[in-house]
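J.: Show me how the following folds:
(chains A and B)
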Amino acid sequence: MSIELIIGILNIVLISTTPLVFAGIGELVTEKSGVLNLGLEGLMLVGAVTGFITLVLTGNYFYSLFLSILSGVILSGIFAFLVLNLMTNQIATGLALTIFGIGLSAMLGKKFGGTPIDGLNPYYFIVISFLLVFFVAYFLSKTKTGLIVRAVGENHNSAYALGYNVIKTRYLTIIFGGVMSSLAGYYISICYAPMWQEGMTAGRGWIALALVVFATWKPWRLLVGAYIFGGVAIMQMNLQAIGVKLPGQFFNMMPYLATIIVLVFISSNKLRLKLSAPSSLNIPFEKNQ
Amino acid sequence: MQSIVEFKNIFKSYPGVIANDDVSFNIKEQSIHAILGENGAGKSTLVKILYGHVKPDSGKILINSDLATINSPSTAKNLGINMVFQHFSLFESLTVVENLILGMSENISLTKLKDKSKTICDKYGFKLNLNSPISSLSVGQRQSVEIVRSLLNSPKILIMDEPTSVLTPDEISKLFKIIKNLVKDGLTVIFISHKLEEIINLSDYVTIMRNGKVVSTISTQNEDPETLGYKMLGYKVSKAKQVSNIDISRDIFNIKNLSTQSKDPFTINLNKIDLNLKKGQIFGIAGVAGNGQKELMEILLNENDYEFSGDIFFKDLNINNLSTFKRKSLSISYVTEERLGHSAVPEMSLSENIFLSMNHKSEFKKGDFINFEKINSFASDVIKNFNVDTPSYNVKAGKLSGGNLQKFIIGREIMSNPELLILSQPTWGIDAGSEAFIKKTIVELSQKGVSIIIISHDLDELLEVCHQISVLYEGSLSNPLKVEGINITKLGKYMGGLFD
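T.: Residues are numbered from 1 along each chain as shown, chains lettered A, B, ... in the order given. Have a look, this model is predicted:
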């Protein structure tokens, strides 16, 4: 294999993996505070379509980015209201958000499929994604606010008893996660593709969810994991190009298989599970009246 | 001295219960003020109202004669009120210093925080390793973290909710010394307890609560445990009288060289436990919570195939590998610590709960069907014989009060005619009337020749009913001490791990 080819492959991996980093790091922060948001796929699609439509209609990158982010704030805000204030089941609500997002984005984007646009340079976003991982790692481990997020996810009753606002903290982490998913979607429709097509995120939301578990809730591992998952996907194309006969489905299942192996590995040991997973994950918080 | 806190007509009700009914009293500045009452008397609710954790339906609180609206724990903290919780509010996977930071209401640099906590530790004699994770600390150390965390905020009022329930006698006397020094330095301490001796030893004033109401607020100077106990309950409790009726010639239950080697740091490893139980004997296993009681009970029950080495014999039969139901068929009965969720299913009726624990008995089945007639009549007998206050056996287990449910569960096990009854925390958190009834029942049962093991943190309870007591400390079981003429100092040393 020539150097050019390797660099070419690495370049493609870099470009194609960035949405996973965005969505994954957002979900990591959400889960660290004790909330499981299964709506990533839906958030990404709506973020992708709002960004795309705004760009087509206004031609302004700033507006399109702003509206894409706004869609994430609104949708994840609704999700937060449902699971935090109305205490609905997080899994069911997250699934509903995904299904809603798929439907809404398909409806909104109907007229815009195939409209050509000038894409943005993906390298800005790639740099931002690295900075973001660094920022989140620093935030969670070194700042007091980060410590509060971890404390809320570890034991929300104790955090409340100490005077911390559990609901507010979770609102913020859920909205952060939502915005990151929208950005992932925006990147796909504006930088990576650049175009709009129904269901164009192609399951990346689910892979990002798996990635958080794969990374055992640690930001740097998430970055490494994202590139492994992304690399596997690219390898599939390249191997097929040089004629290796492995079914495509085999590669599609690799990220999930890897996640299941990690899950089995961490849950085989109660201690490891206790130290890596946020203890209050997916448990609703009810204030003492 | 003037009043620092004034409760004025506090009223708080929950569906079906009035937790605080027109509660009014004052707390003097720089004093130790105890709040005494049974479980469910409303003491915890009251201090949670003061700490902003619970909202009262009506009533006022004055702090330094000013009306205070305390909506949340953070407002309480700003007013100088801090609380040390009964069930600790620490974060297990975080380190000591991270837990301390989380308790600070103002922002402070890490070095300053370390300096400040070191000053507090030195001054009052706490020993803390700031970088250890909470999960590696003993219960006593965890409490130290909680107290230091509260003191870092330089509070004016410190609430302590049952702080001694998890400590050894030695740790308790250390804690009391610390509390007295804190008060000398200007703090006001509100101390919640249901232990009479402690209150007389420690506090200056005591407010006695019963059924949500204040009975009286008095100085503890001229009180003794008996007068105080009468005021708390409103009646005198007769103690269970132990009469020895042990058949020394018959071994019922033996544990030989029982050890575990778990690598999980959240569990305690048992270390060469030996135990010998005769027919008709009541054997108490004392010790502070978290010293291996849970693990020992796990092995005695064998619900989860907990790995261990050593042997367990029931009437000379090795039962190491027998399942819970096989052990039950051999006439061993169990009452576990968690009433709801383990001993009984809260959402199911009393009758159904009978069947769940007795389905190894053929008399409760008709072929593959449940014989509800038999079960219902069995449940009625339990309710009648054990004074369970409930309208019918169709009531859901979760609807019963702690004391009534415990009487029902113990009654259920006793009516299955066991030869060996193993109880864990049989009277924890229940009213004094039910507690006295259960103790009396246990003693009577032993006189009929049933052997009984009681695992309990409540030393007074064990001293009242048991023939012999051993202490469990970090997984090791002490040699048994005869309760008759027992040396309390020795027992205290055992609880701190100083075995002979």
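J.: ok, the closest residue to A:Y171 other than its chain neighbours - contacts?
T.: The shortest distance from A:Y171 to any non-neighbouring residue, by C-beta to C-beta, 6 or more residues apart in numbering or on different chains, is to A:A80 (4.9 Å). (Each C-beta comes from the backbone N, C-alpha and C, glycine too.) A:A80 makes contacts with A:V35, A:R170, A:Y171, A:I174, A:I175, as judged by C-beta atoms under 8 Å, 6 or more residues apart in numbering or on different chains.
J.: I'd like to know which of those are part of helices.
T.: A:R170, A:Y171, A:I174, A:I175 (DSSP state H).
J.: out of the contacts of A:A80, which is most surrounded?
T.: The most crowded member of the contacts of A:A80, judged by other C-beta atoms under 10 Å in any protein chain shown, is A:V35 (30 neighbours).
J.: Just say helix, strand or coil for the closest residue to B:E223 other than its chain neighbours.
T.: Distances taken as C-beta to C-beta, 6+ apart put B:I200 closest to B:E223, at 6.0 Å, once the chain neighbours are dropped. Assigned with DSSP: H, G, I helix; E, B strand; the rest coil, B:I200 falls in the helix class.
J.: I figured B:I200 hits B:E226, correct?
T.: No. Using C-beta atoms under 8 Å, B:I200 is not in contact with B:E226, being 10.6 Å away.
J.: So between the two, which is more surrounded?
T.: Higher neighbour count among B:I200 and B:E226: B:I200, with 17 against 10, using other C-beta under 10 Å.
J.: Which residues are in contact with the more buried one?
T.: Residues near B:I200 by C-beta under 8 Å, 6+ apart: B:T220, B:E223, B:D224, B:P225, B:L228.
J.: how about 10 Å then?
T.: Listed by C-beta atoms under 10 Å, 6 or more residues apart in numbering or on different chains, the contact partners of B:I200 are B:A34, B:V206, B:T220, B:Q221, B:E223, B:D224, B:P225, B:T227, B:L228.
J.: Quick check: pLDDT value at it.
T.: Looking at B:I200, its pLDDT is 89.
J.: about what we covered before: separation between the residue nearest to B:E223 and B:S136?
T.: Distance, B:I200 to B:S136, using C-beta to C-beta, to the nearest Å: 36 Å.
J.: sorry, back to before: separation between the residue nearest to A:Y171 and chain B?
T.: A:A80 sits 20 Å away from chain B, going by C-beta to the nearest C-beta, to the nearest Å.
J.: how far away is that residue from A:G24?
T.: 19 Å.
J.: repeat for A:V152
T.: Distance check for A:V152 against A:G24: by C-beta to C-beta, it reads 20 Å.
J.: Residue 47: how many residues sit nearby?
T.: Looking at chain A here, since you left the chain open. Counted with other C-beta under 10 Å, A:G47 comes out at 35.
J.: ah, no, chain B please
T.: Look at B:V47: counted by other C-beta under 10 Å, it has 21 neighbours.
J.: what's the neighbour count on the closest residue to chain A within the stretch 401-500 of chain B?
T.: Using C-beta to the nearest C-beta, the point where the stretch 401-500 of chain B gets nearest to chain A is B:G475, with a distance of 17.5 Å. If you count neighbours by other C-beta under 10 Å, B:G475 ends up with 19.
J.: quick one, phi psi at it?
T.: When read as degrees, to the nearest 10, the backbone of B:G475 gives phi 90, psi -10.
J.: Then A:L162?
T.: phi -80, psi 0.
J.: and it, how far is that from B:I178?
T.: A:L162 sits 21 Å away from B:I178, going by C-beta to C-beta.
J.: okay, those two: which has more neighbours?
T.: Neighbours were tallied for A:L162 and for B:I178 using other C-beta under 10 Å; the higher tally belongs to A:L162 (25 against 17).
J.: For A:L271, give me the pLDDT.
T.: For A:L271, the model assigns a pLDDT of 67.
J.: Helix or strand for the residue nearest to A:Y171, just tell me which one.
T.: Taking DSSP states H and E as the definition, A:A80 sits inside helix A:61-80.
J.: likewise B:L158?
T.: Counting by DSSP H and E, B:L158 is part of strand B:157-161.
J.: Which strands and helices lie in contact with that strand?
T.: Contacts defined by 3 or more C-beta pairs under 10 Å, 6 or more residues apart in numbering or on different chains; DSSP states H and E place strand B:157-161 against strand B:3-14, strand B:32-36, helix B:43-50, strand B:81-84, helix B:139-151, helix B:169-184, strand B:188-193.
J.: Output these as TSV; include the columns mean pLDDT.
T.: Listed next are these as TSV, based on pLDDT from 0 to 100:
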stretch	mean pLDDT
strand B:3-14	92
strand B:32-36	93
helix B:43-50	90
strand B:81-84	91
helix B:139-151	87
helix B:169-184	88
strand B:188-193	92
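J.: what would these look like in TSV with distance to A:G113?
T.: Below are these laid out as TSV (distance: least, C-beta to C-beta, whole Å):
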stretch	distance to A:G113
strand B:3-14	57
strand B:32-36	70
helix B:43-50	58
strand B:81-84	60
helix B:139-151	58
helix B:169-184	71
strand B:188-193	67
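J.: Out of these, the one nearest A:A48 is which?
T.: A:A48 sits nearest to helix B:139-151 of all the helices and strands packed on strand B:157-161, at 46.4 Å, using C-beta to C-beta.
J.: Which elements pack onto the closest one?
T.: On a contact count with 3+ C-beta pairs under 10 Å, 6+ apart, helix B:139-151 meets strand B:81-84, helix B:96-103, helix B:110-124, strand B:157-161, helix B:169-184.
J.: between these, which one is nearest to B:I375?
T.: Nearest to B:I375, of all the helices and strands packed on helix B:139-151, is strand B:157-161, at 40.6 Å by C-beta to C-beta.
J.: That closest one: partners in the sheet, and parallel or antiparallel?
T.: strand B:81-84 (parallel), strand B:188-193 (parallel) (DSSP bridges).
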